[in-house]
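Enquirer: Task: produce atomic coordinates for the following.
(chains A, B and C)
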Amino acid sequence: MPELPDVEIARRDLQRWLSGVRIAAARTTDRYISRGTSPAAFARDSAQQKVKQVSRRGKWLRIELEDGARIFSHLGMTGSWARVGAEDARQRWERARLTVVQRGVTSGVVYIDSRRFGRLILVREDIAEWRELGPDPLADGIDVARLGKELARRRRAIKDVLMDQSVLAGMGNILVTEALWHARIDPRSQAGALSKKELRAVGRELSKELERELRDKERERPTREGEGNFIIYGHAGEPCPRCGTTLSRMVLAGRGTVFCAGCQVRAEAQSSSIGPKSSPERTKNASP
DNA sequence: CTCTATGTTTAATT
DNA sequence: GAATTAAACATAGA
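Expert: This next block holds a predicted model:
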C-alpha cells in the first residue's frame, strides 16, 4: 500500500474513525510489529483513552491519546487500516484491533499486514524515526533551494537520495521512479550534479506525482488497487511512451528501477584526476 | 523452484 | 570515516 499518498489516505480514515473516540479495548497479536511491547501492556496503556487526533509525517502515522501516550504506525510494504463491525471475525492478516465506542456504537478499527514489515508502537515520547524525518513534501511543500543544498553535498545517485526519508519524508520507489522519468533525469545521476533547471524539474515533478496519486486514491477508493496509473513503473521492456526506446530495468540502491535510456539524461560530476571540481557534464545514454 | 514486491535497518565490503 | 551494496526481516503472488 504505502507511499505518502496512501499513508495520507490512511490518516484521514483514522482521523474519521478515531478522533474524539474512546478506545474500549486494544488487541495486538504480533510482538514483531509492536516491537516487543506485550499485548497486555499495549491493551493496558491504551484502554479507556480518548484519541485526540491522528497526524502524519512522511510515511509515519501518529495516533495521539489524551494522556500523552501515542501510537506510531508505519505501514511497511503491505500494511493497511480498515474499519469492521464490532463482532466481525478476525480479518485475514489482522495484526491488531482497536475496539472503539462512538456515541454508544461499538466498532473495530483493525490493522492488517500480510508481510509484517509495518510497525505499531505505543510510547510516551516521539520515536527517533519520527523526529529524524525531513520536511514533508505534502504538508510543507518542496523547498527547491533547500533541497538543492541537501543534494549538493551528496554523491549518491539522485534516486537514492530522493528516497532518503531524512531529505524528503514520504517519497518511495514508485513516485521517485515516475517523477524522474517526467523530469527526464537518469536515476543514476549524481545527486550533487543536477543543474538548477534539473533541480526545479525534479521538485515540480515530485509535487505533481504526489498530487496526482492523492487525487487518484481519493477517487478510486475501494475499487481495484492494482498498479494502474503508472507510466513506467512496472513497464520495463515496453516502449517508452515519450520516445519509444525500450524501457530498462536495473537495481539501484537496492530497489528495482525502471528508466528510459533514450530520454532520461544522466548528470554526473567530472571525476577526472586533473581537476577536483570541474563543471558537470551531460551525457546522452546509448540505446541498449 | 525462481523471481519480484509500494520499506527500513543492519551487517559486510569497498 | 564515508559510501555503497547485500542481506535480512515475512509472506504472497506470478
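
Enquirer: all contacts plus neighbour counts: C-alpha atoms, from now on.
Expert: Noted.

Enquirer: and the residue nearest to A:A236 when sequence neighbours are not counted, how many neighbours does it have?
Expert: Distances taken as CA to CA, 6 or more residues apart in numbering place A:L247 nearest to A:A236, at 4.9 Å, with adjacent residues excluded. Neighbour count of A:L247, defined by other CA atoms under 10 Å: 23.

Enquirer: A:F42 too?
Expert: A:F42, neighbours per other CA under 10 Å, totals 20.

Enquirer: who in chain A is up against DNA strand C?
Expert: A:32, A:114-117, A:153-157, A:252-254 (CA under 7 Å from any atom of the strand).

Enquirer: which of those sit farthest apart?
Expert: For the residues of chain A next to DNA strand C, the maximum inter-member distance is 38.5 Å, found between A:S114 and A:R153 (CA to CA).

Enquirer: Of those two, give the one with the bigger neighbour count.
Expert: A:S114 (14 against 11).

Enquirer: show me what contacts the more buried one?
Expert: By CA atoms under 8 Å, 6 or more residues apart in numbering, the contact set of A:S114 is A:78-79, A:93-94.

Enquirer: try 7 Å this time
Expert: A:78, A:93 (CA atoms under 7 Å, 6 or more residues apart in numbering).

Enquirer: same thing with A:R116?
Expert: A:I33.

Enquirer: separation between it and A:S189?
Expert: 33 Å (CA to CA, to the nearest Å).

Enquirer: A:K159 now?
Expert: Relative to A:S189, A:K159 is positioned 8 Å away (CA to CA).

Enquirer: neighbour-wise, which of those two wins?
Expert: Taking other CA under 10 Å, A:K159 and A:S189 do not tie; A:K159 has more neighbours (25 against 22).

Enquirer: Can you name the next helix or strand after the strand or helix carrying the more buried one?
Expert: For A:K159, the enclosing helix or strand under DSSP states H and E is helix A:158-162. On the C-terminal side of helix A:158-162, the closest following helix or strand by DSSP H and E is helix A:173-182.

Enquirer: Run the contact check for that following helix versus DNA strand B.
Expert: Yes: contact between helix A:173-182 and DNA strand B, assessed by CA under 7 Å from any atom of the strand, occurs at A:173-174.

Enquirer: In CSV, list the C-alpha atoms belonging to that helix.
Expert: C-alpha atoms of helix A:173-182 as CSV (Å, rounded to 0.1, in the frame of the first residue of the first chain):
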residue,chain,number,x,y,z
ASN,A,173,10.3,3.9,-5.1
ILE,A,174,7.3,4.3,-7.4
LEU,A,175,6.8,8.0,-7.1
VAL,A,176,10.5,8.8,-7.5
THR,A,177,10.8,6.5,-10.5
GLU,A,178,7.9,8.2,-12.1
ALA,A,179,9.0,11.7,-11.2
LEU,A,180,12.5,11.2,-12.6
TRP,A,181,11.0,10.0,-15.8
HIS,A,182,8.8,13.1,-16.1
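
Enquirer: For that helix, what is the distance to the chain centroid?
Expert: Centre-to-centre, helix A:173-182 and its host chain are 13 Å apart (CA atoms, centre = their mean, to the nearest Å).

Enquirer: same check, this time on stretch A:5-25
Expert: The answer for stretch A:5-25 is 18 Å, by CA atoms, centre = their mean.

Enquirer: For A:A267, see how far away A:L120 is.
Expert: Taken as CA to CA, the span from A:L120 to A:A267 is 40 Å.

Enquirer: Equivalent analysis for A:E8, please.
Expert: 33 Å.

Enquirer: same question, A:S195
Expert: Relative to A:A267, and taking CA to CA, A:S195 is found at 8 Å.

Enquirer: cool, A:Q15 as well?
Expert: 43 Å.

Enquirer: who's more crowded, the two?
Expert: In this view A:Q15 and A:A267 are compared by other CA under 10 Å, and A:A267 has more residues nearby, 25 against 18.

Enquirer: ok, and the closest non-adjacent residue to A:Q15?
Expert: A:V54 (5.3 Å).

Enquirer: right, and the secondary structure at that neighbour would be what?
Expert: strand (DSSP: H, G, I helix; E, B strand; the rest coil).

Enquirer: can you tell me the residue of the stretch 101-250 of chain A closest to DNA strand C?
Expert: A:R156 (3.5 Å; CA to the nearest atom of the strand).
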